[in-house]
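Colleague: curious how this folds, go ahead:
(chains A and B)
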Protein chains: 2
Amino acid sequence: MNCEILAVGTELLLGNTVNTNAADLSGLLSGLGINVFWHTVVGDNPKRLAEAVAIARSRADLIITTGGLGPTYDDLTKNVLAESFGRKLELHPEEAAFLKEWFARNATSKYTDNNLQQAYLPERCTVFHNDWGTAPGCAFEEGGVHVIMLPGPPRECLPMFKACAVPYLKKLSGDVIFSRQIMVFGMGESAIESLFRTEMEHMANPTLATYAKFGEVMLRVTAKAPTEAEAEAMCEPVVEKVRAVLGDKAYAVDIPNMETLGLRLLKEQGRTFSAAESLTGGLIGERFTALSGASAVYKGGAVTYCDEVKAAMLGIDPALIAQNGAVSFATAAAMAKGVRLAARTDIGLSATGLAGPDGDGVHPVGTVFVGLADGENVWVRELHLGTGRARVRQLAANHAFDMLRRYLQGLDVVPEQYVPAGK
Amino acid sequence: MNCEILAVGTELLLGNTVNTNAADLSGLLSGLGINVFWHTVVGDNPKRLAEAVAIARSRADLIITTGGLGPTYDDLTKNVLAESFGRKLELHPEEAAFLKEWFARNATSKYTDNNLQQAYLPERCTVFHNDWGTAPGCAFEEGGVHVIMLPGPPRECLPMFKACAVPYLKKLSGDVIFSRQIMVFGMGESAIESLFRTEMEHMANPTLATYAKFGEVMLRVTAKAPTEAEAEAMCEPVVEKVRAVLGDKAYAVDIPNMETLGLRLLKEQGRTFSAAESLTGGLIGERFTALSGASAVYKGGAVTYCDEVKAAMLGIDPALIAQNGAVSFATAAAMAKGVRLAARTDIGLSATGLAGPDGDGVHPVGTVFVGLADGENVWVRELHLGTGRARVRQLAANHAFDMLRRYLQGLDVVPEQYVPAGK
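Modeller: Numbering: from 1, shown residues only, chains lettered A, B, ... in the order given. Okay, the predicted model is just below:
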């Protein structure tokens, strides 16, 4: 099945909004074994939208639209698609009743007759009820082309895709598609590809593919079979082989990132942590607290963007910083120990370094020390992360979370590759 | 001029990479008065790329491609575009010499003959030299259609667009295009539109348009004239009128966000600040320290994700928290005062509240208190920001930066709209 994702919205063409839906849906579709060959964006203009639909219909057998399902005059996706495929729009009474009830409950939004437009959908379609907003989506097939319409806001589009479109698409294919994601930190995509080139090029079912994420790599194993149990069983030996080859660099299966793994392990083990952040400026805390439930295991920490705050908040001896410098092995160790005591947690993390663009005259930009302390030991990685302020900061936070998960998994906190030469 | 942005790269179709270039270039093109009507993404596939070029050529008079200019076998944008427009590729000796020199300087990358592919560009094109990477871009015109090719990585694509494509496009139009951006916080896009509907609908040169950013609105005034001075002079009265109508909600002109304004004002006034963050979990520090030069004015702070850390790091009396609750006016005030003293800064900021999804049984999710303290006074805003964990956190950080800039600009730190009823 070859798919085109067609986003509708002038805000995308003005550069006001980034089309994250296209990327997120593509990742999910690839997990279903569906090829996405085209992304297209057009504005809220009926003529250009109709032309784009005609092009999509000529080359794709699955068209997924996002956006333009709302109640205002410039929401015209349903009208244009229905006309293009020769279907009438008809009122779906259940959706109309839901809308009236929704507006009665949400006193801040006023119900107008416009809102009823949202309950009109193409005749003979499968209705996708919207549990995350008001505009329903839908799916239908016409002349061998499947059309799925989803709302534009990502907080509605993505859950509706998972809840409604995924079952619809799985039913279409006859076979069940099942995939597992192996997450890897500490090895680049090309190095991983060279280890699994044979499997990646020659296996047809299951398949193995790599996806580079920021400073990490995801390997996805996907199988098709008549039942989910069979597809899962087909994935298993490939997952095992990949894990065996990659060892402890493969940090988890089916967990989206290292902070989520850290949250899970900390909860299981009843441990808490805090963080002392210098070059990351709050990024470690910000990424961790983006996870709901973080407060059970993360107690807080200090952003110590100058030496005086390192001393005042973490109780670090100013002489230690004066002697070793703020960007040093010793300071990272003292920060991790200090924040652990100040926040009274089981584990303390720390990060100090040079994100750039300016250096300190001693170390090159990208020099970073990341530390972890428990009640007995302290570990520090010395890293040389290159340039790019935002990049260096994100990579430093990745290393902090990698140290945390390795500690919690009972692995070497500082594996050999991060031990500086001569130490 | 009607433009199509055509991104080339299988990584975009796999959902591995988000097409931020399309959004960023669209914003810049709209500032030049160029309409972007289509975004298209195709993979590294010569047939589908050639088809997409044929479609783009039939509907746009400016095609901007991003990606596929590198040295590997799947970088085929130049070949396909050259063939589509009937031009040969020829070696540009200056670019070839640059490449050889670049690889000699960068010992970590090995020069191979493949790399020389990057110096082949369509005959009779304008070469865009790449100061941010190795692959040059170019521009040419054929049959009334202008083609611009840019590299894919955003850190190369965007600076090259600004340095090379913008002057090329300005020369094409004959007139000079000049625009100014007025940034607004504290008023929604539709409220602003209703104030300026006449200007937005009826002015042709200069034009006035609104763009919603996260929790903020940007108004852009754009003028075309034979010289930059004339275009700038045409913008001026519109900028003045908008600022007069919006008052102190229009926080700056031609400054991208409130934290950048804060950094500038703090430097000018020789003041420093620190932040105590609860629900934002480090986001205030992270956003501010994303700006280079932040360390001159931001000393750090505390992420106090539990009550004990609020007490331990900020010296807040546990009885105050017990009596008022962690999510309260009093706690926000004590956090701002406490962090200011702990970090020894002129100003202390604070944020405490409920980002959700879980509430505390007392306040609804979205209840947030944001504080600012100097040596004499403390101000607190009580906010009800609705739902969505990431959204509530970003909006809370926006309010902290709005309080900071209003304080530094000598305005009411808590304008009337944020004073809770009955206080």
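
Colleague: what comes into contact with the strand or helix carrying A:Ala212?
Modeller: Element membership for A:Ala212 (DSSP states H and E) is strand A:207-213. The contact list for strand A:207-213 (CB atoms under 8 Å, 6 or more residues apart in numbering or on different chains) reads A:27, A:30, A:33, A:189, A:192-193, A:196, A:199-200, A:217-223, A:238, A:242, B:11, B:14-16. Every C-beta, even on glycine, is put in place using the N, C-alpha and C of the backbone.

Colleague: each with direction, which strands does the helix or strand immediately after that strand in the chain pair with?
Modeller: For strand A:207-213, the following helix or strand on the C-terminal side (DSSP H and E) is strand A:216-225. Partners of strand A:216-225 in the sheet, by DSSP bridges, are strand A:176-185 (antiparallel), strand A:207-213 (antiparallel).

Colleague: low-confidence ranges in the stretch 51-200 of chain A?
Modeller: A:106-110 (pLDDT under 70).

Colleague: can you pull the contacts of the closest residue to A:Val297 other than its chain neighbours?
Modeller: Distances taken as CB to CB, 6 or more residues apart in numbering or on different chains put A:Leu266 closest to A:Val297, at 3.9 Å, once the chain neighbours are dropped. Going by CB under 8 Å, 6+ apart, A:Leu266 touches A:272-273, A:296-297, A:408.

Colleague: in strands, which of those residues appear?
Modeller: Counting by DSSP state E, those place A:Phe273 in strands.

Colleague: who wins for neighbours among the contacts of A:Leu266?
Modeller: Among the contacts of A:Leu266, A:Phe273 has the most neighbours (other CB atoms under 10 Å in any protein chain shown), with 29 neighbours.

Colleague: who's that residue bridged to?
Modeller: Beta-bridge pairing of A:Phe273 under DSSP bridges involves A:Tyr298, A:Ile347.

Colleague: contact partners for the spatially most central residue of chain A?
Modeller: Closest residue to the average C-alpha location of chain A: A:Pro256 at 6.7 Å, with CA atoms, centre = their mean. A:Pro256 sits next to A:Met183 when contact means CB under 8 Å, 6+ apart.

Colleague: how about A:Thr331?
Modeller: Listed by CB under 8 Å, 6+ apart, the contact set of A:Thr331 reads A:310, A:316, A:320-321, A:324-325, A:352, A:369.

Colleague: for chain B, what is the nearest residue in the stretch 101-250 of chain A?
Modeller: Residue nearest to chain B within the stretch 101-250 of chain A: A:Tyr211 (4.9 Å; CB to the nearest CB).

Colleague: list the contacts for the nearest residue to A:Val184 once chain neighbours are set aside?
Modeller: In space, and not counting its chain neighbours, A:Val184 is closest to A:Val217: 4.6 Å by CB to CB, 6+ apart. Listed by CB under 8 Å, 6+ apart, the contact partners of A:Val217 are A:183-184, A:187-189, A:192, A:210-211.

Colleague: buried subset of those as a PyMOL selection?
Modeller: To isolate the buried ones among the contacts of A:Val217 in PyMOL, judged by 16 or more other CB atoms under 10 Å in any protein chain shown, type:
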select buried, chain A and resi 183+184+187+189+192+210+211
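
Colleague: residue in the stretch 51-200 of chain A nearest to chain B?
Modeller: For the stretch 51-200 of chain A, CB to the nearest CB, closest residue to chain B: A:Ile55, 6.2 Å.

Colleague: what sits against that residue?
Modeller: Remark: with contacts taken as CB under 8 Å, 6+ apart, A:Ile55 is in contact with A:40, B:55.

Colleague: can we see that at 7 Å?
Modeller: For A:Ile55, the contacting residues are B:Ile55, by CB atoms under 7 Å, 6 or more residues apart in numbering or on different chains.

Colleague: helix/strand/coil for it?
Modeller: Counting by DSSP: H, G, I helix; E, B strand; the rest coil, the backbone at A:Ile55 sits in helix.

Colleague: how's chain A carved up into domains?
Modeller: A:2-173, A:176-253, A:258-418 (automatic domain parsing).

Colleague: closest one to B:Asp175 among these?
Modeller: For these, the distance to B:Asp175 is smallest for domain A:2-173, at 21.2 Å, taking CB to CB.

Colleague: how long is the closest one end to end?
Modeller: One end of domain A:2-173 to the other measures 12 Å (CA to CA, to the nearest Å).

Colleague: related to what we said a few turns ago, what are the buried residues along the strand holding A:Ala212?
Modeller: The neighbour-count check on strand A:207-213 (16+ other CB under 10 Å) flags A:207-213 as buried.

Colleague: and which of the residues you listed is nearest A:Leu6?
Modeller: Once CB to CB is applied, the member of these that ends up nearest A:Leu6 is A:Tyr211, at 23.3 Å.

Colleague: returning to what we had before: looking at the contacts of A:Leu266, which gets the smallest pLDDT?
Modeller: When the contacts of A:Leu266 are compared by pLDDT, A:Ala296 scores lowest at 94.

Colleague: I'd say that one and A:Lys267 touch.
Modeller: Yes. Using CB atoms under 7 Å, A:Ala296 makes contact with A:Lys267 at a distance of 6.1 Å.

Colleague: who touches A:Glu193 in this structure?
Modeller: A:200, A:210.

Colleague: try 10 Å this time
Modeller: A:200-201, A:209-210, A:217, A:219 (CB atoms under 10 Å, 6 or more residues apart in numbering or on different chains).

Colleague: for the stretch 201-350 of chain A, just list every one of the strands.
Modeller: For the stretch 201-350 of chain A, the strands defined by DSSP state E, counting those that start in this stretch cover A:207-213, A:216-225, A:250-253, A:273-277, A:298-304, A:347-353.
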